[in-house]
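Peer 1: Need a 3D model of the following:
(2 chains)
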Amino acid sequence: MRYLHHSAADRREMLASIGLSSIDELFRDIPKKVAEAFEPLDLPAHSEQEMVDELTSLAALNTVTDKICLAGGGIYDHYIPSLVDHFLLRTEFYTAYTPYQPEISQGTLTVMFEFQTLISELTGMDVANASLYDGATAVAEAAFMAERMRSKRKVAVASSLFEHVRRVLDTYCWASGIEVVELPTLPSGQCDLSSIPSEISAVILQSPNAFGVIEALDGVKDRIGETLLIVSAHPMSLGVLAPPGEFGADIVVGEGQPFGLPMSYGGPLLGLFATKKEYLRQMPGRVAGRTVDTDGNVGYTMAAQTREQHIRRERATSNICTNSALCTLAATLYLAAVGGKGLRRVAEINTEKAHYLADRICSVDGYDLAFPGPFFNEFVVNVPGDAMCLHQTLLDAGYQTEPPELLHGFGLENALRIAVTERRSREELDRFVAVLETLGGSR
Amino acid sequence: MRTIFDCPQHDRMDGLFPELDTPKRGVEALIGEALLRKTPPRIPNVCEPTVARHYTALSKLNHGIDDGLYPLGSCTMKYNPKVNEDLARLPGWASAHPLSDTALVQGTLKFLHELTRLLAGMAGLPDVTLQPVAGAHGELTGMFLFKRYFEDRGDAARCRILLPDSAHGTNPASAAVAGFSVTQIASNDAGMLDLDALDAELDETVAGIMLTVPNTLGIFEEGIVEIAERVHAAGGLCYFDGANLNAFLGRARAGDMGADVFHYNLHKTLSTPHGGGGPGAGPIAVSERLMDFLPVPRIAYDGEQYSLDWGHPRSIGSVHSFYGNVLVAIKAYAYILQLGDEGLRAVSGDAVLNANYLQEKLKQVYPLPHDQLCKHEFVLSGKGLADGISTLDIAKRLIDYGIHPPTVYFPLIVREALMIEPTETEGKESLDRFVEVMQTIADEARETPELLHEAPQRAPSRRLDQTRAARDPVLKYPFSE
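Peer 2: Reported below is the predicted structural model:
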């Protein structure tokens, strides 16, 4: 086994130094009953070459990579600048662990500090943590934080959260006894905020929401007063959209995948979490802070650790330990590579192309937008005929859209959700529309 | 330390994305002024060569496994095979959208299904979920399963989780997040769970126990089977924390010890990298009792096609956006395939040999409060080495010798703890040098203690003021300065 060092002579010598003569004697403290019950996997060893061949042919079974991706729902097919992966592959970054020893972890800690700054800037919030697992658990953690501060045992949630986010939120809230009440959707696709129940810990909105529609956040915080306003935002959209912090959001969360992470069949992802500075002591997750060393030079270290499980144990603000550190490096590299101007530009391209396709689709007989509200790079269209058949036809024509049954839970029986990123060319979009035209509107 | 915000600014940032090929209408017209940002975020515009130099410089300030010994106890900092990184980047894995039609991602579903089967086999338990993305996330999922199990039985009184005082902080935190209260049980003089203390707590309010196997002292609980039997007899469930699986890989199975839930840390035991603190993966294996409650979707196979199976009405729901950290899982799968049964067994053999070898040599220099056969790690005490010398001083001095310090001040039951886990991927030369350095530091502690107090002197930073960072937190770049 080439990852191991010892020769047979090394092992003998080392065993002798501890007064043993075989490796098996090192395991004599495993109870006999347990040792005897052991059964191996019946798995032979594979050489690196065999293993690579096997997994490469397995990866080739994923024919989805031949399709043009118009799927979204929180995960998007964005271009990743080449620079990003080169630095993810620096072993000083990827083979290190949590920066418990700051003097030899300044690389990781400086990146955490940069990332927190970038996310604070984008969301318009005072402080951001150094990541949670994903956008869904970030929403759940935000609900928990609101509950710690308000203790109403109830949160109100827009019915337009992504289905996977809602599923995770429901599981977490069920376990900790928090009731989740739903706020309905207006015909515009925006959340109906006209009758928010009182005595709740938080209102949770997503913008753009599961229909792609941008929420009207102006004035919401004024109306709910002490109740926390939690907004789950698409981070790239914040290149053009006003940040939720400007509207008084108390917590802004999101899924960071659009910033330099491949779609990866949904993992690893990057949970974003930002809040107001007065709530810092209630925030979950790690955070890096600026300090000085004994020579007075600036350096970084983990800060506000008294919130965390390794110190506070069952009274911690969260149980999280390992987070998504390398994904924060990816997002930081992505934003450094594209820059503020590049982010604005790519967000504009997303907006332009999504609206181009939406307009073209709606020019085909029988298709129209399910919601007239403003959108960024994702929208829902009502389709004539059977959406499942259309989905299959589009697949055959080379386009991966989301299976339409995912929208059934929203009461959208015959609709498609479509996301358009900067990666889609006009030619690909025109050809997509041509497929719809060929089918004819009144099937 | 220079940040990206201190780098020279560029006036143009073009060339990454092509020109817009659809008619430009402008975001003001498309979205409406009211919803748009009025001021741009202060994201710097830095040309690519400068970006590259900045992050190269930052990377050099880090100590990773390839830089030198990293004996961080309970973290299993083993070598991360390079081939795993290549495999995770194959477009088939990396470019698949999570809401793709399952017929088009058969490769991913097949390996996830296969990995599920292998992990279940390694635990000797019937089923596994790959959704949890970290050890603590696996713990939390396990606690959710406990909760659902008792809810399903109409047994609402079971609200307490028992934990030994040597438990990792995530254990009590996970139990608390899932709505359980935590009762701590003292360890006995041998560092093991005290069975009498356990019996005293076992009643109809106990939902179960969380135990780390072997425990955080690196000691295999001799009464593990009996503990599980007593907890089960009292109507409770057993959660075994698998952070320390490297100690018995290929030799014992949590299911045979009585586990109802056992979590894996793929980033520890199965060599997927730690990434500076994630992304990891914390799949859990579960007993028959808990199978029905596992998160959805589950990966199913009908003999022809792999699919996502949502049809489990008693499930706890989901704990992750999609199916867990797929690109981490592929690395663990590659590692298991390469090792096979023999390799898995060889890993634990050398990991435990290395730990015992170091323990034997170092106990002659440093106090060893629990002197017995250890598993993959052991815990020394820095107390009493020399007047005025703390474990923190020893740790910082190790940095000057190019060695990452062990885990310090944990477990809490050893004063001034130094928790050392060499892993199997260190050779004898490396271990002998560590012993030599630890001996030198012990001598320095007595003869030239200032070298310890002033350490590190050969690191990118001198000792950093953590109190200041805690008292007066500066958590983002101060643009106004």
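
Peer 1: alpha carbons only for contacts and neighbour counts from here, please
Peer 2: Fine.

Peer 1: How about the secondary structure of A:V181?
Peer 2: strand (DSSP: H, G, I helix; E, B strand; the rest coil).

Peer 1: so what's the closest residue to it other than its chain neighbours up against?
Peer 2: Leaving out its chain neighbours, the residue that sits closest to A:V181 by CA to CA, 6 or more residues apart in numbering or on different chains is A:A156, at 4.8 Å. By CA atoms under 8 Å, 6 or more residues apart in numbering or on different chains, the residues touching A:A156 are A:180-183, A:196-197, A:200, A:202-204.

Peer 1: same thing with A:P372?
Peer 2: A:P372 touches A:187-189, counting by CA under 8 Å, 6+ apart.

Peer 1: hmm, try it at 7 Å
Peer 2: A:188-189 (CA atoms under 7 Å, 6 or more residues apart in numbering or on different chains).

Peer 1: how much space between it and chain B?
Peer 2: A:P372 sits 11 Å away from chain B when distances are taken as CA to the nearest CA, to the nearest Å.

Peer 1: Any figure for the gap between whichever residue of the stretch 101-250 of chain A sits closest to chain B and A:L161?
Peer 2: Going by CA to the nearest CA, chain B is nearest to A:A242 of the stretch 101-250 of chain A, at 3.7 Å. Distance of A:A242 to A:L161, computed by CA to CA, to the nearest Å: 19 Å.

Peer 1: I'd like to know how far A:H310 sits from chain B.
Peer 2: Taken as CA to the nearest CA, the span from A:H310 to chain B is 5 Å.

Peer 1: number of nearby residues for B:E342?
Peer 2: Counted with other CA atoms under 10 Å in any protein chain shown, residues neighbouring B:E342 total 16.

Peer 1: three-state assignment of it?
Peer 2: helix.

Peer 1: Tell me the secondary structure of the closest residue to it other than its chain neighbours, please.
Peer 2: Closest residue to B:E342 apart from its sequence neighbours, by CA to CA, 6+ apart: A:A45 at 7.1 Å. Of the three states, A:A45 takes coil under three-state DSSP.

Peer 1: so what's A:A45 up against?
Peer 2: A:A45 neighbours (CA under 7 Å, 6+ apart): B:337-341, B:343.

Peer 1: centroid residue for chain A?
Peer 2: Centroid check for chain A by CA atoms, centre = their mean gives A:E255 as the closest residue, at 3.0 Å.

Peer 1: hang on, the earlier thing: who's in contact with the residue of the stretch 101-250 of chain A closest to chain B?
Peer 2: B:35-38.

Peer 1: which of those are buried?
Peer 2: Buried subset of the contacts of A:A242 (neighbour count, 16 or more other CA atoms under 10 Å in any protein chain shown): B:35-36.

Peer 1: Redo the contacts of A:A242 as JSON lines? Include secondary structure.
Peer 2: What follows is the contacts of A:A242, written out as JSON lines (three-state DSSP):
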{"residue": "B:L35", "secondary structure": "helix"}
{"residue": "B:L36", "secondary structure": "strand"}
{"residue": "B:R37", "secondary structure": "coil"}
{"residue": "B:K38", "secondary structure": "coil"}
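
Peer 1: follow-up on the earlier one: now list the buried members of the contacts of A:A45.
Peer 2: Buried among the contacts of A:A45 (16+ other CA under 10 Å): B:337-341, B:343.

Peer 1: quick one: low-confidence ranges for the stretch 301-443 of chain A?
Peer 2: Within the stretch 301-443 of chain A, the stretches with pLDDT under 70 are A:441-443.

Peer 1: Can you name the residues of it that neighbour chain B?
Peer 2: A:301, A:303-304, A:309-310, A:313-316, A:318-326, A:336-342, A:348-349, A:351-353, A:356, A:374-375, A:400, A:402-403, A:426 (CA under 7 Å from any CA of the partner chain).

Peer 1: One more pass at 6 Å, please.
Peer 2: Remark: the part of the stretch 301-443 of chain A in contact with chain B comprises A:303-304, A:309-310, A:313-314, A:319, A:322-326, A:339-340, A:342, A:374, A:402, using CA under 6 Å from any CA of the partner chain.

Peer 1: Can you measure across stretch B:85-98, start residue to end residue?
Peer 2: Stretch B:85-98: ends 20 Å apart by CA to CA.

Peer 1: ok, and what's touching it?
Peer 2: With contact meaning CA atoms under 6 Å, 6 or more residues apart in numbering or on different chains, stretch B:85-98 is reached by A:59-60, A:62, A:262-266, B:327.

Peer 1: Tally up the residues packed near A:P44, please.
Peer 2: Neighbours of A:P44 (other CA under 10 Å): 14.

Peer 1: ditto for A:T438
Peer 2: Count around A:T438 with other CA under 10 Å applied: 9.

Peer 1: Name the residues of the stretch 51-200 of chain A found near chain B, please.
Peer 2: Close to chain B, as judged by CA under 6 Å from any CA, the stretch 51-200 of chain A has residues A:58-64, A:92, A:94-98, A:103-107, A:113, A:117, A:121-122, A:136, A:164, A:167-168, A:171, A:175-176.

Peer 1: Would you mind giving the domain segments of the chain?
Peer 2: Here I'm looking at chain A. A:8-53, A:64-78+A:339-439, A:82-333 (automatic domain parsing).

Peer 1: that's the other chain; I wanted chain B
Peer 2: B:4-61, B:85-337, B:348-467.

Peer 1: Any chance of these in CSV with mean pLDDT as columns?
Peer 2: As requested, the domains of chain B are arranged in CSV below (pLDDT from 0 to 100):
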stretch, mean pLDDT
domain B:4-61, 95
domain B:85-337, 96
domain B:348-467, 96
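
Peer 1: And the host helix or strand of A:L395, what's buried?
Peer 2: Element membership for A:L395 (DSSP states H and E) is helix A:387-396. The neighbour-count check on helix A:387-396 (16+ other CA under 10 Å) flags A:387-388, A:390-392, A:394-395 as buried.

Peer 1: What's the separation between B:E33 and B:V27?
Peer 2: 8 Å.

Peer 1: the strands in the stretch 151-300 of chain B, which residues?
Peer 2: B:160-164, B:181-185, B:206-212, B:237-241, B:261-263, B:284-286, B:298-301 (DSSP state E, counting those that start in this stretch).

Peer 1: should've said the stretch 1-150 of chain A
Peer 2: A:68-69, A:127-128.

Peer 1: now for these, which one comes closest to A:S21?
Peer 2: Nearest to A:S21 among the strands of the stretch 1-150 of chain A is strand A:127-128; the distance by CA to CA comes to 54.5 Å.

Peer 1: Neighbours of the closest residue in space to B:S59 that isn't next to it in sequence, how many?
Peer 2: Nearest non-adjacent residue to B:S59, counting by CA to CA, 6+ apart: A:G107, 5.1 Å away. By other CA under 10 Å, 26 other residues sit near A:G107.
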